[in-house]
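Student: Fold the stuff below for me.
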Amino acid sequence: MTQVALDQTAAVAVPAEAERSAAPRGALAALSLSMLLASLGAGAANVALPTLVTAFGASFAAVQWVVLGYLLAVTTLIVIAGRLGDAIGRRRVLLGGLALFTVASALAGVAPSLGLLIAARVVQGTGAAVLMALTLAAVADTVPKERIGSAMGLLGTMSAVGTALGPSLGGILITSFGWRVLFLVNLPLGLVAMLLAARHLPADRSASKADRAAFDI
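Tutor: Down below sits the predicted model:
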């Protein structure tokens, strides 16, 4: 009887351990893809500027705001995004950032004018600020302490890969399919990241009164 009980306990423990190990892998996949998307968004559009000058009949100085609007939104809002994650929940804010980034990518891909494209890129940069801030912050909530260092290294690698891959990937997409695909390609990637995040990221804990304090303007 004792041996049977031990075998049953082991049989239950193995799937439980497998489930626990699978959850961090799924969460890390969601965080890595989120970081990759934000980095690609920063670098891929640079190679599209000459094409956009021709497509919209605009000056190069005006078209540069397609890149500058994104970078300004990221730089301005990344601290606020991190604060929002602390105040109302990192998982909730990260999912919102992924949704915002994905929708803005679709709007950029179908923008009929340069002004609307720049506006969509600012919104996309807002979503990217959330992704950059909360992917790193969410690591402590998703992996064991002994794996935090390697997880942070993985996210740093994904950021570097996105920055390095952006121009070459952007050039291939523009040459093969046109500049709109440069933004529309984010749609399937963003949806996959949202599904992974919704399924694998741990639920937000209730925030304390200190966490719900007003922003320090």
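Student: Could you measure from the residue positioned nearest the centre of the chain over to residue 139?
Tutor: Centroid-nearest residue in the chain: residue 34, 2.6 Å away (criterion: CA atoms, centre = their mean). Residue 34 sits 12 Å away from residue 139, going by CB to CB, to the nearest Å. Where you see a C-beta, it was placed from the backbone N, CA and C, and this is true even at glycine.
Student: With residue 85 instead?
Tutor: Computed as CB to CB, the residue 85 to residue 139 distance reads 12 Å.
Student: cool, and residue 88?
Tutor: Taken as CB to CB, the span from residue 88 to residue 139 is 19 Å.
Student: between the two, who's got more neighbours?
Tutor: Between residue 88 and residue 139, counted using other CB atoms under 10 Å, the more crowded position is residue 139 (21 against 15).
Student: That one touches residue 150, doesn't it?
Tutor: No. Under the criterion of CB atoms under 8 Å, residue 139 lies out of contact with residue 150, with a separation of 9.9 Å.
Student: Now do the helix or strand containing residue 150: which elements does it pack against?
Tutor: Residue 150 belongs to helix 148-177 when assigned by DSSP states H and E. For helix 148-177, the packing partners by 3 or more CB pairs under 8 Å, 6 or more residues apart in numbering; DSSP states H and E come out as helix 2-43, helix 114-137, helix 139-142, helix 181-184.
Student: If we use 10 Å, what do you get?
Tutor: On a contact count with 3 or more CB pairs under 10 Å, 6 or more residues apart in numbering; DSSP states H and E, helix 148-177 meets helix 2-43, helix 49-56, helix 114-137, helix 139-142, helix 181-184.
Student: Name the residues of it that are buried.
Tutor: Judged by neighbour count (16 or more other CB atoms under 10 Å), helix 148-177 contains these buried residues: 151, 154-155, 158-159, 162-163, 166, 169-171, 173-174.
Student: now do stretch 174-192
Tutor: Neighbour-count burial for stretch 174-192 [16+ other CB under 10 Å]: 174, 179, 180, 182, 183, 184, 185, 186, 189, 190.
Student: before we move on, what about stretch 132-147?
Tutor: Buried-residue list, stretch 132-147, by 16+ other CB under 10 Å: 132, 133, 134, 135, 136, 137, 138, 139, 142, 143.
Student: likewise stretch 66-76?
Tutor: The neighbour-count check on stretch 66-76 (16+ other CB under 10 Å) flags 66, 67, 69, 70, 73, 74 as buried.
Student: where do the contact lists of residue 34 and residue 139 overlap?
Tutor: residue 155 (CB atoms under 10 Å, 6 or more residues apart in numbering).
Student: would you turn the buried residues of stretch 174-192 into JSON lines with pLDDT and distance to residue 122?
Tutor: Listed next are the buried residues of stretch 174-192 as JSON lines, based on pLDDT from 0 to 100; distance: CB to CB, whole Å:
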{"residue": "174", "pLDDT": "87", "distance to residue 122": "21"}
{"residue": "179", "pLDDT": "91", "distance to residue 122": "18"}
{"residue": "180", "pLDDT": "92", "distance to residue 122": "18"}
{"residue": "182", "pLDDT": "90", "distance to residue 122": "17"}
{"residue": "183", "pLDDT": "92", "distance to residue 122": "13"}
{"residue": "184", "pLDDT": "92", "distance to residue 122": "18"}
{"residue": "185", "pLDDT": "90", "distance to residue 122": "19"}
{"residue": "186", "pLDDT": "92", "distance to residue 122": "15"}
{"residue": "189", "pLDDT": "92", "distance to residue 122": "20"}
{"residue": "190", "pLDDT": "92", "distance to residue 122": "17"}
